[in-house]
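Asker: no sequence on hand, only this structure:
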Ligand code: CAO
């Protein structure tokens, strides 16, 4: 005996008219109970709609691009034998009587699938888990429900609320991808942040993931994306308490996320660092003179603001510095925009917000952006978008001290500018030593893309424009 059941969009909270971004099944498929049928995506979140019944999908009512709301029919499932009508009801009732909820006795796979729908603890859920059906209430009302269900078409009832998996609210959050794609990425051992999404909003599809894996395999161990197959010795396991008192503190979330990226960049990019100095005596005089105006505008004019302008000038003059290697390592992508990243020291670790369109902004506008973004970084309020799209990063330790350092390139950028503390130095002017304020620059570059001579020209050019900031207006 068979029975046709409509599978509807469950309670999805405050969301309405949510686009279907992925259809995961086709008409004629035999589907399992709880199998995901479609993925929905709002501006900031994704969710998969599972089937409340097992059986054959005889009709699919939605396609990619459709917009659905709670209660809309997704498809019709033909349920056979045990799964249909009374049989399944009596089984549910039996389970309820025995105190078995959906959470108990589930297989590992089930648990994993559900945790996919709930999202990682880091990203949080729009709906707390307590909003999922309360099993004890289910037990109490099971008799009433089963009676009601005998008279009505029980399977038409919407499934229990399904939580959205939030994305994008966290700067370092998971890239746009459906739970199924994230699960597949985990199984394949792929970092989603390494994969380029081809769908709307850069969303990563299963196809993108497969292409990524294929290109990594084809590119071999030295792909541009950092596919290094280094045979590194195991990390030493040491019981430090044998040597004295210790205290263990967990790494911050930001450190946990940035650590693997730093390691990948460090081991997979052939770094060279070019050191140089800029005479910023005149620039400093101008900066000091402009300070009151900056304060009036509610911001602060630090040397970094001039450096952002100088980097933009450098990227314009030497476009190779404004490129990225394609993920297959076959081509160089030239960018026609000028977004500059700035490393910000925060209590949770290093973050790199990006100042957009720095070429079209005045010094005061850049100062404002810098103040706003570094404030957001320190308050842990950067969005993912705030940290994307950088052309080159500046890491300034000038407010702290030091004479030079070797910054790690923020892939897929090809260079990073390190800035140390300006110091007054005696400089020979042909007749005598003159005190000049000297700013140390440390430019790390990807030697696969940039030659040493180009790097020396780039830092010389930075020194040139910083030596006479009027050139920044040209
Ligand atoms: N030489 C001398 N003085 C400098 C300087 C330099 N290169 N750069 C900044 N200063 C001065 C500023 O003028 C300011 O002094 P005043 O208040 O008298 O003007 C003071 O140092 C403090 O500056 P700041 O740090 O508040 O501002 P900033 O614009 O230079 O930097 C920011 C902003 C967010 C980049 C910075 O606060 C920061 O977080 N730096 C650390 C970045 C980092 O950790 N990099 C390492 C990455 S690798 O781990």
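Answerer: Sure thing, it's come through. Keep in mind that what you see is a predicted model, and the values were worked out from it rather than measured.

Asker: get me the contact residues on the chain for the ligand.
Answerer: Neighbours of the ligand within the chain, by C-beta under 6 Å from any ligand atom: 302-304, 342-345, 350, 370, 374, 395-399, 407, 419, 421-422, 439. (Each C-beta comes from the backbone N, C-alpha and C, glycine too.)

Asker: just the ones in helices from those, please.
Answerer: Among these, the members falling in helices (DSSP state H) are 303, 304, 370, 374.

Asker: quick one: residues contacting the closest residue to the second one other than its chain neighbours.
Answerer: What that stands for is residue 304. Nearest in space to residue 304, with sequence neighbours left out and distances taken as C-beta to C-beta, 6 or more residues apart in numbering, is residue 396 at 5.0 Å. Counting by C-beta atoms under 8 Å, 6 or more residues apart in numbering, residue 396 touches 303, 304, 307, 342, 343, 418, 419.

Asker: which residues does stretch 464-474 contact?
Answerer: Stretch 464-474 is contacted by residues 278-280, 282-283, 286, 306-307, 309-310, 313-314, 439 when judged by C-beta under 8 Å, 6+ apart.

Asker: swap the cut-off to 7 Å and go again
Answerer: Outside stretch 464-474, the residues within contact range by C-beta atoms under 7 Å, 6 or more residues apart in numbering are 278, 279, 280, 282, 283, 286, 306, 309, 310, 313, 439.

Asker: and which of those residues is nearest residue 293?
Answerer: Using C-beta to C-beta, residue 286 comes nearest to residue 293 of these, at 11.2 Å.

Asker: and whatever helix or strand that closest one lives in, which residues are buried?
Answerer: Per DSSP states H and E: residue 286 is located in helix 281-296. By neighbour count with 16 or more other C-beta atoms under 10 Å, helix 281-296 contains the buried residues 281, 283, 284, 286, 287, 290, 294.

Asker: show me what the longest strand seen in the chain is packed against.
Answerer: When the chain is parsed with DSSP state E, its longest strand is strand 433-446. Packing partners of strand 433-446 (3 or more C-beta pairs under 7 Å, 6 or more residues apart in numbering; DSSP states H and E): strand 271-279, helix 281-296, strand 415-419, strand 423-428, helix 452-467.

Asker: between the fourth one and strand 271-279, how many degrees?
Answerer: Angular relation of strand 423-428 and strand 271-279 on a 0 to 180 degree scale: 70 degrees, by axes from the mean of the first three to the mean of the last three C-alpha atoms, to 10 degrees.

Asker: how far away is the closest residue to the ligand within the stretch 301-450 of the chain from residue 72?
Answerer: The ligand sits closest to residue 398 of the stretch 301-450 of the chain, with a gap of 2.0 Å, by C-beta to the nearest ligand atom. As judged by C-beta to C-beta, to the nearest Å, residue 398 and residue 72 stand 57 Å apart.

Asker: how near is residue 375 to residue 386?
Answerer: To residue 386, residue 375 is 11 Å away according to C-beta to C-beta.

Asker: between the two, which is the more surrounded one?
Answerer: Comparing residue 375 with residue 386 by neighbour count (other C-beta atoms under 10 Å), the higher total belongs to residue 386, at 19 against 13.

Asker: give me the low-pLDDT residue ranges for the chain?
Answerer: The chain contains residues with pLDDT under 70 at 1, 43-45, 81-175, 217-229.

Asker: which residues touch residue 61?
Answerer: Residues near residue 61 by C-beta under 7 Å, 6+ apart: 73, 74, 75.

Asker: circling back to that earlier point, dump the buried residues of helix 281-296 to a markdown table, plus distance to residue 191.
Answerer: Formatted as a markdown table, the buried residues of helix 281-296 follow (distance: C-beta to C-beta, whole Å):
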| residue | distance to residue 191 |
| --- | --- |
| 281 | 46 |
| 283 | 41 |
| 284 | 43 |
| 286 | 44 |
| 287 | 41 |
| 290 | 43 |
| 294 | 40 |
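
Asker: which residues of this structure fall in helices?
Answerer: All helices of the chain, identified by DSSP H, fall at 85-97, 108-118, 135-140, 142-151, 179-188, 206-219, 253-268, 281-296, 303-317, 363-378, 452-467.

Asker: give me the distance from the fifth one to the chain's centre.
Answerer: Right, the one you point to is helix 179-188. Distance of helix 179-188 from the chain centroid (C-alpha atoms, centre = their mean, to the nearest Å) equals 15 Å.

Asker: cool, stretch 318-331 as well?
Answerer: Taking the mean of its C-alpha atoms, stretch 318-331 sits 21 Å from the chain's own mean (C-alpha atoms, centre = their mean).

Asker: buried residues in that stretch?
Answerer: Within stretch 318-331, the residues that qualify as buried are 318, 320, 321, 322, 323, 324, 325, 327, 328, 329, counting by 16+ other C-beta under 10 Å.

Asker: now for the closest residue to the fourth one other than its chain neighbours: which residues touch it?
Answerer: The reference is to residue 322. With sequence-adjacent residues excluded and distances taken as C-beta to C-beta, 6+ apart, residue 322 is closest to residue 315, at 4.2 Å. Neighbouring residues of residue 315 by C-beta under 7 Å, 6+ apart: 321, 322, 338, 391, 392.
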